[in-house]
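1. just a sequence and a predicted model for now, questions to come.
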Amino acid sequence: MPASRIASFTPSIFAEMSRLAAEHQAINLGQGFPDFDGPEEIKAAAMEAIHNGENQYAQSPGQPVLRQAIAAHAQRFYGQAVNPDTEVTVTCGASEALLCAILGLVNPGDEVIVFEPCFDVYVPDILMAGGVPRFVPLRAPDWHIDYAELSAAFNNRTRLILVNTPHNPTGKIFSPADFQQIAALCEQWNTLIISDEVYEHLVYDDARHARLALAPGLAERTLTISSQGKTFSFTGWKTGWAIAPPALTDAVRRVHQFSTFASATPFHSAAARALALPDAYYQTLRADYTARRDFLAEVLHDCGLRFVTPPGTYFIMADFSALGFDDDVKFCRWLTTEIGVAAIPPSAFYSDAHKPLGQHYARFAFCKKMETLEKAAERLQRIKTGSASM
Ligand SMILES: Cc1ncc(COP(=O)(O)O)c(C=O)c1O
């Protein structure tokens with residue numbers, strides 16, 4: 001009998017779709033992890049750390065070498081001055097940073113604003129803290145914020161707003177106007193901000209990622225969360241972090257010390273080396289992902305799916321309604337079992353009231369080798385004939 005706090009939690013949609021994909025030997029464009037490894041020299045750095053005896057507990061806030069590298073990276077890419085001793089906490093992936101920040105800052109009954117669709121850990125984290133999620137849907141086709149709806153979600157119980165830019169699953173990058181609106185409302189209602197920026201380096205074409213904490217007036221109320229998983233293609237290393245002013249860092253660290261205490265030590269040195277890779281690494285990453293995105297976008301368009309090409313992340317959220325389906329779970333099951341390509345039904349990323357907003361979409365991940373995407377493309381051709389016989 002689970003505790004009442006978690007009684008509503010159901011198995012994650014990722015696990016279900018991955019199981020179905022394996023059962024049907026489908027190409028898995030569902031769960032967002034690369035089917036390739038990150039740089040060899042960073043793997044070597046992790047192995048070197050193990051050989052060098054970096055094998056006992058890390059310092060609870062993170063090894064100094066990684067906290068310094070996180071601060072240096074923030075300065076290098078955003079001009080953000082960060083004190084590695086008082087403003088950085090290394091966690092077991094961005095996921096643990098999110099949980100520590102939410103448990104550390106939300107009191108029972110506090111409201112937390114979440115944009116939908118949203119990464120599936122946000123709501124359970126809020127519920128575990130005893131908080132009350134307030135949902136503001138992003139509006140298709142370009143996933144813009146309806147500022148009137150956003151404004152109406154704030155009140156004097158609003159403790160926190162969760163922002164994710166670039167945004168999973170839509171690929172939206174929050175604009176300067178979005179930042180301005182959010183800043184004004186957070187100042188008006190004295191609300192804290194968690195800005196989840198794990199896709200910070202996955203931005204394409206002319207798009208630029210901006211750090212929300214640097215928008216005017218937000219430095220003291222914003223926690224920035226990121227991790228090495230997406231940027232360096234080592235999602236399994238689960239090395240993430242929270243950057244926040246000392247008072248907010250204190251809240252994160254209090255939870256962290258009594259939950260995991262510390263994350264895996266050898267990856268601290270390796271992640272530090274990764275963050276310091278030269279600009280060429282980051283440029284190549286972006287160029288490679290641009291090519292993968294463009295390839296998959298063309299294939300999906302050609303199959304009759306509709307979407308605005310995403311400026312960020314490694315996801316395409318595509319509207320399949322022209323194919324005659326009207327339910328995302330059914331469509332994704334059909335795609336997996338009949339076409340042999342797995343995708344994620346995004347209604348799982350919406351509250352019950354807003355699920356219809358996601359039910360004509362499927363989320364495809366393009367963080368895959370070109371040969372994987374090419375194989376998926378061959379199979380997706382069958383949609384053109386298959387949709388007739390669904
Ligand atoms: C928006 C978002 N935040 C956080 C995470 C979790 O990151 P990590 O693997 O570092 O815990 C993910 C992973 O998919 C994500 O998409």
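-> The structure has been received and is ready for your questions. Numbering: from 1, shown residues only.
2. longest single helix anywhere in the protein?
-> Using DSSP state H, we find that the single longest helix of the chain is helix 279-302.
3. report all helices and strands that that helix contacts.
-> strand 315-319, helix 370-380 (3 or more CB pairs under 8 Å, 6 or more residues apart in numbering; DSSP states H and E). For the C-beta atoms, the positions are set from N, CA and C on the backbone; glycine is no exception.
4. can we see that at 10 Å?
-> Counting contacts by 3 or more CB pairs under 10 Å, 6 or more residues apart in numbering; DSSP states H and E, helix 279-302 packs against helix 64-78, helix 229-232, strand 315-319, strand 361-365, helix 370-380, helix 382-386.
5. and that helix, what's its mean pLDDT?
-> For helix 279-302, the per-residue pLDDT values average out at 98.
6. show me which residues of it are buried.
-> 281, 285, 289, 292-293, 295-297, 299-300 (16 or more other CB atoms under 10 Å).
7. is it possible to export the residues you listed to a markdown table including distance to Ala153?
-> Conversion of the buried residues of helix 279-302 to a markdown table gives the following (distance: CB to CB, whole Å):
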| residue | distance to Ala153 |
| --- | --- |
| Tyr281 | 39 |
| Leu285 | 35 |
| Tyr289 | 33 |
| Arg292 | 35 |
| Arg293 | 31 |
| Phe295 | 38 |
| Leu296 | 34 |
| Ala297 | 32 |
| Val299 | 37 |
| Leu300 | 32 |
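8. the ligand: which of those residues is nearest?
-> Of all the buried residues of helix 279-302, Tyr289 has the smallest distance to the ligand: 14.7 Å, by CB to the nearest ligand atom.
9. quick revisit: distance to the ligand added to the buried residues of helix 279-302, as a markdown table?
-> Below are those laid out as a markdown table (distance: CB to the nearest ligand atom, whole Å):
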| residue | distance to the ligand |
| --- | --- |
| Tyr281 | 19 |
| Leu285 | 16 |
| Tyr289 | 15 |
| Arg292 | 17 |
| Arg293 | 16 |
| Phe295 | 21 |
| Leu296 | 18 |
| Ala297 | 20 |
| Val299 | 23 |
| Leu300 | 20 |
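10. anything in stretch 268-276 near the ligand?
-> No - Stretch 268-276 does not reach the ligand (CB under 6 Å from any ligand atom); its nearest approach is 10.7 Å.
11. what comes up buried for that stretch?
-> Quick answer for stretch 268-276 (16+ other CB under 10 Å): 268-275.
12. among those, name the ones in helices.
-> Using DSSP H, the buried residues of stretch 268-276 in helices are 268-275.
13. can you list these in a markdown table and add distance to Asp327 and pLDDT?
-> Listed next are these as a markdown table, based on distance: CB to CB, whole Å; pLDDT from 0 to 100:
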| residue | distance to Asp327 | pLDDT |
| --- | --- | --- |
| His268 | 45 | 98 |
| Ser269 | 48 | 98 |
| Ala270 | 43 | 98 |
| Ala271 | 41 | 98 |
| Ala272 | 46 | 98 |
| Arg273 | 46 | 98 |
| Ala274 | 41 | 98 |
| Leu275 | 42 | 98 |
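14. CSV for those, including distance to Arg306?
-> What follows is these, written out as CSV (distance: CB to CB, whole Å):
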residue, distance to Arg306
His268, 44
Ser269, 46
Ala270, 41
Ala271, 38
Ala272, 43
Arg273, 42
Ala274, 37
Leu275, 38
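15. which one of these is nearest Pro166?
-> Leu275 (18.3 Å; CB to CB).
16. the closest one against Glu200, yeah?
-> No - counting by CB atoms under 10 Å, Leu275 sits too far from Glu200 to count as a contact (11.4 Å).
17. shared neighbours, these two?
-> Residues touching both Leu275 and Glu200 (CB atoms under 10 Å, 6 or more residues apart in numbering): 73, 77, 226, 231.
18. could you look up the SS state of the third one?
-> Read it as Ser226. strand (DSSP: H, G, I helix; E, B strand; the rest coil).
19. just the closest residue of the stretch 51-200 of the chain to the ligand, please.
-> Proximity of the stretch 51-200 of the chain to the ligand (CB to the nearest ligand atom) peaks at Gly93, 2.5 Å away.
20. quick check: the gap between that residue and Ser233.
-> 14 Å (CB to CB, to the nearest Å).
21. before we move on, what about Asp35?
-> Counting by CB to CB, the gap from Asp35 to Ser233 is 10 Å.
22. also Glu149?
-> 36 Å.
23. picking that back up, ok, Asp35 and Ser233, which is more surrounded?
-> Between Asp35 and Ser233, counted using other CB atoms under 10 Å, the more crowded position is Ser233 (20 against 15).
24. what bridges to the closest residue to the ligand within the stretch 101-250 of the chain?
-> Closest contact between the stretch 101-250 of the chain and the ligand, by CB to the nearest ligand atom, is at Ser227 (3.1 Å). For Ser227, the beta-bridge assignment (DSSP bridges) gives partners Gly240.
25. neighbours around it, how many?
-> Neighbours around Ser227, by other CB under 10 Å: 27.
26. dump the residue contacts of it.
-> Counting by CB under 10 Å, 6+ apart, Ser227 has contacts 90-97, 196-198, 200, 234-235, 237-241, 271.
27. show me what from the stretch 151-300 of the chain comes close to the ligand.
-> Near the ligand, when you scan the stretch 151-300 of the chain using CB under 6 Å from any ligand atom, you find 164, 168, 196, 198, 227, 229, 235, 238, 240.
28. and the two most separated of those?
-> So, those by CB to CB: farthest apart are Asn164 and Lys238, at 18.3 Å.
29. neighbour count: the two, which is higher?
-> Per other CB under 10 Å, whichever of Asn164 and Lys238 has more neighbours is Asn164, with 25 against 19.
30. for that one, give me its contacts.
-> Contacts for Asn164 (CB under 10 Å, 6+ apart) come out as 98, 114-115, 117-119, 122, 170, 172, 174, 194-199, 225, 313.
31. how close does it sit to Tyr147?
-> 18 Å.
32. Gln25 too?
-> In terms of CB to CB, Gln25 sits 46 Å off from Tyr147.
33. checking my notes, Glu54 in a helix, right?
-> No - using three-state DSSP, the assignment for Glu54 is coil, not a helix.
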